[in-house]
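In: take this sequence and fold it.
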Amino acid sequence: MKYEELLDRALKQMPEKQENSGERFEIPRAQSRIEGNKTFLENFSQIVSTLRRDSVHLLKFLSRELAAPAQVDERRLIFVGKIGAERISQKIEAYAREFVICRECGKPDTEFVKKQRFLFVHCLACGAEHSVRAKIV
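Out: Sure, this is the predicted structure:
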């Protein structure tokens, strides 16, 4: 057989490419429950480990964005006020866009780098750096 025939045969045996099959970064949806005037975010530690950020940083962001005081209790986050799970999930996704996902390549392989008084998000995948717009530190 010729090379081209072998190549065609091999390509026909390859599986079909599936859309979004390469996505490895998925933010867990907020699992919350409301008791009285408090909202408990049950999977806070899982979200923090997925985003690979400091829990205090995420706590301050969510507290500011949701306009509700919050505190960490063991592995969960407690908000004062009634806040829906969908609204919490939207704010966590906004946090990921701002502080986790690289603006150049779109990968989540980033870390915080402090240069002088400024905080930057440094991408470990492509090497890009961009400054952090919001000050939460």
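In: and this protein, split by domain according to the record?
Out: Here the chain is described, according to automatic domain parsing, as comprising the domains 28-100, 102-137.
In: quick one: which of the ones you listed has the weakest pLDDT on average?
Out: Comparing mean pLDDT over the domains of the chain, the weakest stretch is domain 102-137, at a mean of 85.
In: returning to that earlier point: and residue 10, which of the domains of the chain is closest to it?
Out: Each of the domains of the chain was scored for nearness to residue 10 using Cβ to Cβ, and the closest is domain 102-137 (30.0 Å). Where C-beta positions appear, they are placed from N, C-alpha and C, glycine not excepted.
In: let's verify the residue nearest the centre of the chain: helix, strand, or coil?
Out: Nearest to the mean C-alpha position of the chain, counting by Cα atoms, centre = their mean, stands residue 96 at 3.8 Å. Under the three-state scheme (DSSP: H, G, I helix; E, B strand; the rest coil), residue 96 adopts helix.
In: which residues touch it?
Out: For residue 96, the contacting residues are 27, 51, 108, by Cβ atoms under 8 Å, 6 or more residues apart in numbering.
In: please repeat the previous calculation with a cut-off of 10 Å.
Out: Residues near residue 96 by Cβ atoms under 10 Å, 6 or more residues apart in numbering: 25, 27, 47, 50, 51, 53, 58, 108.
In: on that earlier part again, most packed of the domains of the chain?
Out: domain 28-100 (a mean of 16; mean count of other Cβ atoms under 10 Å).
In: what does the host helix or strand of residue 12 contact?
Out: In this assignment (DSSP states H and E), residue 12 forms part of helix 3-13. Contact with helix 3-13 is made by 1, 2, as judged by Cβ under 10 Å, 6+ apart.
In: convert it to PDB, retaining C-alpha atoms only.
Out: The C-alpha trace of helix 3-13 is given here as PDB (Å, rounded to 0.1, in the frame of the first residue of the first chain):
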ATOM      1  CA  TYR A   3       1.600   6.000   2.200                       C
ATOM      2  CA  GLU A   4      -1.500   8.100   1.200                       C
ATOM      3  CA  GLU A   5      -3.800   5.000   1.300                       C
ATOM      4  CA  LEU A   6      -2.500   4.100   4.800                       C
ATOM      5  CA  LEU A   7      -2.900   7.600   6.000                       C
ATOM      6  CA  ASP A   8      -6.500   7.700   4.700                       C
ATOM      7  CA  ARG A   9      -7.300   4.400   6.300                       C
ATOM      8  CA  ALA A  10      -5.900   5.600   9.600                       C
ATOM      9  CA  LEU A  11      -7.900   8.800   9.500                       C
ATOM     10  CA  LYS A  12     -11.100   6.900   8.900                       C
ATOM     11  CA  GLN A  13     -10.400   4.800  12.000                       C
END
